[in-house]
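**Student:** please work out how this folds:
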Amino acid sequence: MSTPSCKDLIDFLDDYLAGRLSDPVRARFEQHMAQCPPCKDYLRTYRDTVELARESCRKSLALPEGMPELLVKAIVESRNGPLDA
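**Tutor:** The predicted model follows:
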């Protein structure tokens, strides 16, 4: 079994929270969550973080003050490809 990447884990959690997992996969995951307090805690903090980020974006479309330009560029490039391509 290979170790999933960070993107794999984030995509899985996003699909779980959005209800996009198949019923069997969702059931297996929820069975584990019911028996694993550390994973349950992690999922709760992940869900809270996503919601806080969404709420922040709903309140203001401006970038947070002091956000480094290189960070903004890295985020855009990771989502859309290089800016200067």
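**Student:** the longest helix along the chain: which residues count as buried?
**Tutor:** Of all segments of type helix in the chain, defined using DSSP state H, the longest is helix 37-59. Neighbour counts over helix 37-59 (16 or more other CB atoms under 10 Å) mark 43, 46 as buried. Any C-beta I mention is one placed from the backbone N, CA and C, and that applies to glycine too.
**Student:** swap in stretch 8-20?
**Tutor:** Those would be 13, 16, for stretch 8-20 by 16+ other CB under 10 Å.
**Student:** on that earlier part again, against which helices or strands is the longest helix of the chain packed?
**Tutor:** Applying 3 or more CB pairs under 8 Å, 6 or more residues apart in numbering; DSSP states H and E, one finds that helix 37-59 contacts helix 6-18, helix 23-35.
**Student:** lowest average pLDDT across the ones you listed?
**Tutor:** The weakest mean pLDDT among the helices and strands packed on helix 37-59 belongs to helix 6-18, with a mean of 88.
**Student:** just checking, what packs against it?
**Tutor:** Here helix 6-18 touches helix 37-59, going by 3+ CB pairs under 8 Å, 6+ apart.
**Student:** ok, now with 10 Å
**Tutor:** Judged by 3 or more CB pairs under 10 Å, 6 or more residues apart in numbering; DSSP states H and E, the packing partners of helix 6-18 are helix 23-35, helix 37-59.
**Student:** stretch 51-67 - what's its average pLDDT?
**Tutor:** 76.
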